[in-house]
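> Quick one: sequence plus predicted model below, questions after.
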Amino acid sequence: MNLTIEQLGELTDGHIWLGAMPPLAGKLEPIGRIVFDPQQVEPRDIYWVMQVGPFDGALFAGEAFTRGALGVVLAGRRIEPWAGSFCITVPDGLQSLHRLMRCLRTDRGTWPEKVFASDAQTARIVQAAWIRDIEELERETVHLGRRGVVAA
């Protein structure tokens, strides 16, 4: 499934901010996977900032862009996207993720392949977001924060 930047913005009820030099196809640029760990970002991926509990994933947006992220999705504030990339600001990160998941859910109750990264931690975050398990999301994002601090 290849969503575009514009479709991602619409499905998440977000506002799109393009970099000073926008992606080649502008808002029609297709996006890669959605990842929650900036260390897993591959070129064209979207780093979805989870701001649950004490973890502020926005601090790692620069790392995501360095690794080739096409964009960052975050709530509550805007960051300046790098050249060739974008930022989507959403009203609430968890609500917007849940809304996106509802829109993309297949008849089998799963999500199309390649929408989310395929590692175990991403699967736990996606499942917790789907059932809105704030405690599990907080555990996973705190773990991400610890990994990010150790890596820095």
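Alright, I've got the coordinates. Residues are numbered from 1 along each chain as shown.

> Any idea which residue is closest to the centre of the protein?
Closest to where the C-alpha atoms of the chain average out (Cα atoms, centre = their mean) is W48, at 1.8 Å.

> Surely that residue is in contact with A75?
No: counting by Cβ atoms under 8 Å, W48 sits too far from A75 to count as a contact (10.1 Å). Glycine gets a C-beta too; all of them are placed from N, C-alpha and C.

> which neighbours do those two share?
Residues touching both W48 and A75 (Cβ atoms under 8 Å, 6 or more residues apart in numbering): G93.

> Look up phi and psi at the residue nearest to the centre of the chain.
Taking degrees, to the nearest 10, you get phi -100, psi 120 for the backbone angles of W48.

> Show me the beta-bridge partners of it.
With DSSP bridges as the criterion, W48 is bridged to V73.

> mind listing what it touches?
I34, V35, F36, V72, V73, L74, G93, L97.

> OK, contacts around the fifth one?
With Cβ under 8 Å, 6+ apart as the criterion, the residues that contact V73 are 8, 12, 14, 34, 46-49, 87-88, 90, 93, 96.

> Same check on the first one?
Under the criterion of Cβ under 8 Å, 6+ apart, the contact partners of I34 comprise D45, I46, W48, V73, V115, F116, A117.
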